[in-house]
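In: Sequence isn't available, so here's the structure alone:
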């Protein structure tokens with residue numbers, strides 16, 4: 001069986017761990033740099049070339065597409081799909097989950113609780129915007145941002161208006177979100193593989209910081225999620241059709257609220273915090289999906 005992972009850096013912790021676990025299972029796992037991929041379409045055929053060599057066929061491909069190359073990366077994943085190769089997370093699933101407000105729209109439509117959120121470009125409606133999300137303080141988030149970058153806590157109407165209007169002046173869209181006091185300074189990262197949560201950690205913000213992201217100095221610890229949180233995490237991943245996902249949740253007065261669904265979640269922090277073999281779970285699931293896809297093709 002031949003598997004591949006799309007990544008710009010094979011030395012990242014997550015990629016090294018995937019390679020280690022694939023080796024233990026006796027599975028070939030190649031790394032392919034998506035930026036080095038040339039996609040060629042000529043009206044009758046399509047192919048992918050790296051250097052002077054055309055990409056050969058893989059049984060399954062795992063995209064690990066960073067936010068900085070989202071559009072190019074999506075084109076690469078789509079090309080693999082056009083060539084009939086199975087992608088563990090599809091180009092559509094990645095695109096829909098990565099657009100933060102669209103993701104919230106889809107989660108909301110599926111009946112999954114999310115924080116009250118407003119996307120607006122109207123200066124006249126800023127006062128009503130803050131009321132719609134429960135009043136001050138509010139969270140302002142850039143539509144594109146990772147690891148807590150572009151997330152701001154604004155305490156007063158004046159600071160809210162100043163920050164949002166400044167971002168608009170630079171052509172940056174921002175959405176405004178309810179500040180969940182019940183879960184302030186702490187959230188949960190659930191790692192979903194297939195239809196189950198294989199690991200979860202509680203992330204706690206460092207002193208003086210409201211963002212609990214590990215990259216912002218937060219600390220993670222193994223936690224057993226309540227069933228309601230597990231169900232919300234799995235359902236959130238399924239909304240987008242994601243086989244591998246990191247789902248961020250926070251406590252609200254009405255139960256778990258889903259903050260974000262990540263289609264290329266890193267797992268260095270969660271492996272270290274929980275001591276669990278996340279990489280092994282991912283590789284085993286890739287093999288299972290590849291075998292299932294082979295069986296489906298034989299029946300055609």
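Out: Sure, I can see it. No experiment lies behind these values; they were computed from the predicted model shown. Numbers count the residues shown, from 1 in each chain.

In: burial count for residue 297?
Out: For residue 297, the count of nearby residues is 10 (other Cβ atoms under 10 Å). The way it works is simple: take the backbone N, C-alpha and C, and place the C-beta from them, glycine included.

In: what helix or strand is it on?
Out: Residue 297 is part of helix 278-299 when elements are defined by DSSP states H and E.

In: Which parts of that helix count as buried, going by neighbours?
Out: 278, 279, 280, 281, 282, 283, 284, 285, 286, 287, 289, 290 (16 or more other Cβ atoms under 10 Å).

In: ok, the third one touching residue 22?
Out: No. At 9.4 Å, residue 280 and residue 22 do not qualify as touching, with contact defined as Cβ atoms under 8 Å.

In: So which helix or strand of this structure has the lowest pLDDT on average?
Out: strand 219-222 (a mean of 79; mean pLDDT, DSSP states H and E).

In: I'd like to know which elements the next helix or strand after that one is packed against.
Out: Next helix or strand after strand 219-222 toward the C-terminus (DSSP H and E): helix 227-240. Helix 227-240 is packed against helix 91-98, helix 100-109, strand 186-193, strand 196-204, strand 244-252, strand 255-262, with contacts defined by 3 or more Cβ pairs under 8 Å, 6 or more residues apart in numbering; DSSP states H and E.

In: want to throw the ones you listed into CSV with mean pLDDT, mean neighbour count and distance to residue 55?
Out: CSV is the format used below for these (pLDDT from 0 to 100; neighbours: other Cβ atoms under 10 Å; distance: least, Cβ to Cβ, whole Å):
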stretch, mean pLDDT, mean neighbour count, distance to residue 55
helix 91-98, 95, 21, 16
helix 100-109, 95, 18, 30
strand 186-193, 94, 24, 26
strand 196-204, 92, 20, 30
strand 244-252, 95, 22, 21
strand 255-262, 95, 23, 26
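
In: Pull up the gap between the most far-flung residue of the chain relative to its centre and residue 253, please.
Out: No residue in the chain sits farther from the centre than residue 44, which is 34.1 Å out by Cα atoms, centre = their mean. Separation of residue 44 from residue 253 (Cβ to Cβ, to the nearest Å): 58 Å.

In: Give me the residues contacting the helix holding residue 297.
Out: Identification of contacts with helix 278-299 by Cβ atoms under 8 Å, 6 or more residues apart in numbering yields 1, 3, 14, 17-18, 20-22, 24-25, 27, 29, 59-60, 62, 86, 88, 191, 193-194, 198-199, 243-244, 267, 270-271.

In: roughly how far out does it sit from the chain middle?
Out: A distance of 21 Å separates the centroid of the chain from that of helix 278-299, by Cα atoms, centre = their mean, to the nearest Å.

In: returning to that earlier point: buried ones only from the contacts of helix 278-299, please, as a ChimeraX command.
Out: To isolate the buried ones among the contacts of helix 278-299 in ChimeraX, judged by 16+ other Cβ under 10 Å, type:
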select :1,3,14,17,18,21,22,27,29,59,60,62,86,88,191,193,194,198,199,243,244,267,270,271
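
In: Select from the contacts of helix 278-299 every entry located in helices.
Out: 14, 17, 18, 20, 21, 22, 24, 270, 271 (DSSP state H).

In: so can I have a markdown table of these showing distance to residue 203?
Out: As requested, the ones in helices among the contacts of helix 278-299 are arranged in a markdown table below (distance: Cβ to Cβ, whole Å):
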| residue | distance to residue 203 |
| --- | --- |
| 14 | 17 |
| 17 | 20 |
| 18 | 23 |
| 20 | 25 |
| 21 | 24 |
| 22 | 28 |
| 24 | 29 |
| 270 | 9 |
| 271 | 14 |
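
In: So residue 91 sits against residue 82, correct?
Out: No. In this structure residue 91 lies outside contact range of residue 82 using Cβ under 8 Å: 9.7 Å.

In: For the residue farthest from the centre of the chain, which residues are in contact?
Out: No contacts exist for residue 44 under Cβ under 8 Å, 6+ apart.

In: isn't there a helix covering it?
Out: No. Under DSSP: H, G, I helix; E, B strand; the rest coil, residue 44 sits outside any helix and is assigned coil.

In: That one and residue 81, how far apart?
Out: Residue 44 is 18 Å from residue 81, by Cβ to Cβ.
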